[in-house]
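**Student:** give the three-dimensional model of this entry:
(one chain, ligands or ions: 2)
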Amino acid sequence: MTERVDVQLDALTGLNAGQPAIKGVPREPAPGGNTFYLETFGCQMNVHDSEKVAGVLLGRGYQQVDTIDAARLVLYNTCSIREKAAQKIYSRLGAYAKYPGEEKIIGVLGCVAQQEGEEIFERSPWVRLVCGSASYSKLPDLIAELEAGNRRVMGLDKDTEATFETEITRRDNPFRAYLTIIEGCDKACSYCVVPFTRGPERSRASASVLEEVRRLADAGYSEIQLLGQTVNSYLDPSSKRLSFAELLVAVAAVQGIRRVRFTTSHPRDFGRDIVEAIDAVPELCDHVHLPVQSGSTRILREMLRTYTREEYLEKIAMIREARRPISVTSDIIVGFPGETEEDVEESLSLLDAAQYDGVFAFQYSPRPNTTAQHMPDAISEEEKGRRLARVNDRQREIQRMRNEALIGETFEVFVDGASRRPGQWSGRSSSNRILNFTSPRENLLGEYVSVRVASSSPNCLIGEQVI
Ligand code: 5AD
Ligand code: SF4
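**Tutor:** Ligands and ions are numbered 1, 2, ... in the order given. From the prediction side, this is the model:
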């Protein structure tokens with residue numbers, strides 16, 4: 001097997017002339033103007049897939065550019081979780097009427113590609129590459145076919161075996177390294193398109209995960225985020241048979257790793273062993289993203305979420321029993337077909353009961369192939385909007401109170417942002433809270449510092465570095 005390298009953007013693209021060249025990766029634009037532009041929509045899985053796609057292209061001698069005008073290959077890594085996201089890509093593609101002929105190679109990747117397939121070629125005849133997220137392992141071959149002059153190439157199989165491993169992953173975020181440990185989804189939530197776009201669940205062998213973590217630590221990363229649509233459904237396919245909690249502990253034990261995050265957890269597979277691991281291992285971040293989707297057992301049944309409101313709240317109680325406080329965040333859908341006023345009230349009261357530190361709330365959007373698509377009793381968009389506002393208002397108030405209660409506390413913050421105003425920085429706590437703070441020190445990016453909270457808002461904490 002060829003050695004995989006994980007390097008940062010600057011080193012691979014040559015944007016930073018001070019960096020040594022990486023073996024086999026040219027720093028100058030390849031002859032013939034082999035340049036690519038890549039725009040990403042959607043979740044962290046897509047962001048990370050784009051990092052791998054960029055790695056594949058950089059390994060083939062392409063250079064990444066920041067504008068469409070400068071690019072020969074233009075790629076969109078798309079999201080189809082809600083209709084609006086999927087429509088966005090067609091409006092992007094519509095703009096290419098202004099690039100006639102063969103001047104640019106346009107490619108559509110990701111979930112819309114998987115879902116729409118050949119239809120994309122019909123609607124946008126100038127597109128030459130369509131490749132779904134479940135068949136990315138074929139991407140290098142598809143690009144080779146394009147380079148060989150094939151007019152149109154397509155990858156739409158749903159690979160059940162292969163996961164998308166690349167020799168080079170070009171990581172965009174210099175502070176947090178994403179790492180997919182499980183692809184696809186075997187759940188069948190009635191509203192969700194993911195099982196159709198990303199295919200069935202495939203876990204990556206624990207030894208391979210740990211090898212990549214070691215390499216990331218060697219490259220200077222101290223924070224790792226393990227990814228999967230249902231990350232905690234991880235099943236080690238190797239003979240080691242590590243459970244998800246055991247994998248977490250093993251990743252946290254890698255020398256140089258200070259923070260391990262993971263997302264998204266499915267409530268059904270969320271066991272006490274995960275809480276015990278977080279309790280026992282300080283490197284495991286005290287934050288769990290545990291989407292509930294609805295507070296009404298009746299709607300949860302219709303959504304095929306496989307748990308009741310009470311069972312979900314038992315998981316929350318289990319998390320709250322931990323010795324160190326664990327922050328919990330969630331996703332909620334409003335306006336699912338047949339959702340009544342009582343169901344909405346149940347979602348609102350669940351917010352009170354769960355005491356989340358953050359919620360992403362969405363208006364239900366019917367998606368192709370899903371069982372909910374043609375359910376009766378659709379809710380009007382206007383009403384969905386009202387329900388969304390009610391959820392957001394209630395949650396905002398909860399966060400306001402929760403954050404206010406943190407005034408005076410001190411957090412360890414991993415600094416990942418500098419304000420244009422001197423002396424102002426931002427970063428995240430292990431619990432994933434955003435802290436904006438002042439410090440007399442310089443060059444704090446990438447440092448771990450102690451920050452005392454002086455004031456708060458619903459979405460962030462404000463403080464100063466404790467020196
Ligand atoms: N409509 C609205 N929201 C959806 N989500 C998934 N599918 C849909 C849909 N059809 C939300 C869920 C999920 C998040 C990533 O997106 O809340 O957790
Ligand atoms: Fe979609 Fe449900 Fe799978 Fe999450 S668990 S990706 S919501 S089908």
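
**Student:** so what touches stretch 419-429?
**Tutor:** By CB atoms under 8 Å, 6 or more residues apart in numbering, the surrounding residues in contact with stretch 419-429 are 411-418, 434-440, 444-445, 449, 451, 465. Every residue, glycine included, has its C-beta placed from N, CA and C.

**Student:** just the buried ones among those, please.
**Tutor:** 411-416, 418, 434-439, 444, 449, 451, 465 (16 or more other CB atoms under 10 Å).

**Student:** restricted to strands, list the contacts of stretch 419-429.
**Tutor:** Restricting the contacts of stretch 419-429 to those inside strands, with DSSP state E as the criterion, leaves 411-418, 434-438, 449, 451, 465.

**Student:** what comes into contact with the longest helix seen in the chain?
**Tutor:** Scanning the chain for the longest helix, with DSSP state H as the assignment, gives helix 381-404. Where contact means CB under 8 Å, 6+ apart, the residues beyond helix 381-404 that reach it are 332, 334-335, 339, 344, 347-348, 351-352, 355-359, 361-364, 379, 433, 456-461.

**Student:** strands - which of these land there?
**Tutor:** When strands are assigned by DSSP E, the members of the contacts of helix 381-404 inside them are 332, 334, 358-359, 361-363, 456, 461.

**Student:** quick revisit: next, the angle strand 358-363 makes with the longest helix of the chain.
**Tutor:** Using axes from the mean of the first three to the mean of the last three CA atoms, to 10 degrees, the inter-axis angle of helix 381-404 relative to strand 358-363 is 180 degrees.

**Student:** and helix 381-404, which residues are buried?
**Tutor:** For helix 381-404, by 16+ other CB under 10 Å, it's 384, 387-388, 390-391, 394-395, 398-399, 402-403.

**Student:** before we move on, the earlier item: in a markdown table: the ones in strands among the contacts of helix 381-404, plus neighbour count and distance to residue 137.
**Tutor:** Written out in a markdown table, the entries for those read as follows (neighbours: other CB atoms under 10 Å; distance: CB to CB, whole Å):
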| residue | neighbour count | distance to residue 137 |
| --- | --- | --- |
| 332 | 23 | 34 |
| 334 | 26 | 37 |
| 358 | 20 | 34 |
| 359 | 21 | 35 |
| 361 | 19 | 35 |
| 362 | 17 | 30 |
| 363 | 18 | 34 |
| 456 | 21 | 46 |
| 461 | 24 | 42 |
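
**Student:** of the residues you listed, which ones also sit close to ligand 1?
**Tutor:** Under the cut-off given by CB under 6 Å from any ligand atom, ligand 1 has residue 362 from the ones in strands among the contacts of helix 381-404 close to it.

**Student:** closest to ligand 1 out of the ones in strands among the contacts of helix 381-404?
**Tutor:** The closest of these to ligand 1 turns out to be residue 362 (CB to the nearest ligand atom; 3.7 Å).

**Student:** isn't that closest one right up against residue 294?
**Tutor:** No. Counting by CB atoms under 8 Å, no contact exists between residue 362 and residue 294, whose distance comes to 11.3 Å.

**Student:** joint contacts of these two?
**Tutor:** Counting by CB under 8 Å, 6+ apart, the shared contacts of residue 362 and residue 294 are 332-333.

**Student:** which ones are touching the nearest residue to residue 387 once chain neighbours are set aside?
**Tutor:** Distances taken as CB to CB, 6 or more residues apart in numbering place residue 334 nearest to residue 387, at 3.9 Å, with adjacent residues excluded. Taking CB under 8 Å, 6+ apart as the criterion, residue 334 is in contact with 344, 347, 361-364, 384, 387-388, 390-391.

**Student:** and if we set it to 7 Å?
**Tutor:** Under the criterion of CB atoms under 7 Å, 6 or more residues apart in numbering, the neighbours of residue 334 are 344, 361, 363-364, 384, 387-388, 391.

**Student:** so how far is residue 296 from it?
**Tutor:** When distances are taken as CB to CB, to the nearest Å, residue 334 and residue 296 turn out to be 11 Å apart.

**Student:** repeat for residue 196
**Tutor:** Using CB to CB, one obtains 25 Å as the distance from residue 196 to residue 296.

**Student:** more crowded one of these two?
**Tutor:** In terms of neighbours (other CB atoms under 10 Å), residue 296 is the more surrounded of residue 196 and residue 296; the figures are 23 against 19.

**Student:** my guess is the more buried one meets residue 341, correct?
**Tutor:** No. Counting by CB atoms under 7 Å, residue 296 stays clear of residue 341, with 10.7 Å between them.

**Student:** now the buried residues of helix 381-404 as a markdown table including distance to residue 277 and pLDDT?
**Tutor:** Putting those into a markdown table (distance: CB to CB, whole Å; pLDDT from 0 to 100) gives the following:
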| residue | distance to residue 277 | pLDDT |
| --- | --- | --- |
| 384 | 38 | 98 |
| 387 | 36 | 98 |
| 388 | 35 | 98 |
| 390 | 36 | 98 |
| 391 | 31 | 98 |
| 394 | 32 | 98 |
| 395 | 28 | 98 |
| 398 | 27 | 98 |
| 399 | 27 | 98 |
| 402 | 24 | 98 |
| 403 | 27 | 98 |
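
**Student:** contacts with ligand 2 among those residues, please.
**Tutor:** When the buried residues of helix 381-404 are filtered against ligand 2 using CB under 6 Å from any ligand atom, no residues are retained.

**Student:** ok, so of these, who is nearest ligand 1?
**Tutor:** Taking CB to the nearest ligand atom as the measure, ligand 1 sits nearest to residue 384 out of the buried residues of helix 381-404, at 9.4 Å.

**Student:** okay, now the spatially closest residue to that closest one that is not a sequence neighbour: neighbour count?
**Tutor:** Taking CB to CB, 6+ apart as the measure, residue 384 lies nearest to residue 335, with 3.4 Å between them; neighbours along the chain are not counted. If you count neighbours by other CB under 10 Å, residue 335 ends up with 22.

**Student:** show me what contacts whatever residue of the stretch 201-350 of the chain ends up closest to ligand 2?
**Tutor:** Residue nearest to ligand 2 within the stretch 201-350 of the chain (CB to the nearest ligand atom): residue 229, separated by 3.9 Å. With contact taken as CB under 7 Å, 6+ apart, residue 229 is in contact with 45, 184-185, 194, 198, 264.

**Student:** at 6 Å instead, please
**Tutor:** Contact criterion CB atoms under 6 Å, 6 or more residues apart in numbering gives 185, 194 as the residues in contact with residue 229.
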